[in-house]
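K.L.:
This is a predicted model, with the sequence first.
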Amino acid sequence: MEGTRHALAFFLLALALLFCFADCSGHAELSSTHSNGRVQEERRNEGVATSWCIAKPSTDDESLNHNIDYSCRQKGVDCRPIQPGGSCFNPDSIISHASFAMNLFYKSAGKNYWNCHFNGTGLIVTQNPC
């Protein structure tokens, strides 16, 4: 019974995190251009755009803060949206902010599974948050 509650709690938290990305994530668009080679290239990249990195719900606050600090120091990661007054500051929770920063790092580093490891605190999801 307790395992079922933990699984349900994990699912609901993961779903909530996905929704927090809805306003802050870019959308990958596929062109309908049929020029030779272009559609084939876009199809090959299509799978890359279908995963996101979020913080595991069981992660302690110290590790989440470390993940934010690490991610936000990396080239190509702009964490201004999760600063007070930023467009993704709300929900104002450490797990939401960490998930945002971790996902930006994951995207900027190439969306490899190891770019979402974060010492075992990252989780790759394939459900589109939008």
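P.N.:
Done, it's in. Residues are numbered from 1 along each chain as shown.
K.L.:
What segments of the protein are helices?
P.N.:
Here the chain has its helices, by DSSP state H, at 2-20, 38-46, 61-72, 94-108.
K.L.:
and those helices, which one is worst for confidence?
P.N.:
Lowest mean pLDDT within the helices of the chain: helix 38-46, at a mean of 39.
K.L.:
Which residues does Ile54 form beta bridges with?
P.N.:
When assigned by DSSP bridges, Ile54 has beta-bridge partners Leu123.
K.L.:
Could you give the number of residues near it?
P.N.:
Other residues near Ile54 number 26, with proximity taken as other Cβ atoms under 10 Å. Where C-beta positions appear, they are placed from N, C-alpha and C, glycine not excepted.
K.L.:
Kindly report the same for Asp61.
P.N.:
For Asp61, the count of nearby residues is 10 (other Cβ under 10 Å).
K.L.:
got it, and Ile94?
P.N.:
Look at Ile94: counted by other Cβ under 10 Å, it has 17 neighbours.
K.L.:
Would you confirm that it contacts Glu62?
P.N.:
No - using Cβ atoms under 8 Å, Ile94 makes no contact with Glu62, being 9.7 Å away.
K.L.:
how close does the nearest residue to Gly86 once chain neighbours are set aside sit to Ser87?
P.N.:
Computed as Cβ to Cβ, 6 or more residues apart in numbering, the closest residue to Gly86 that is not its neighbour in sequence is Arg80, at 5.6 Å. Distance, Arg80 to Ser87, by Cβ to Cβ, to the nearest Å: 9 Å.
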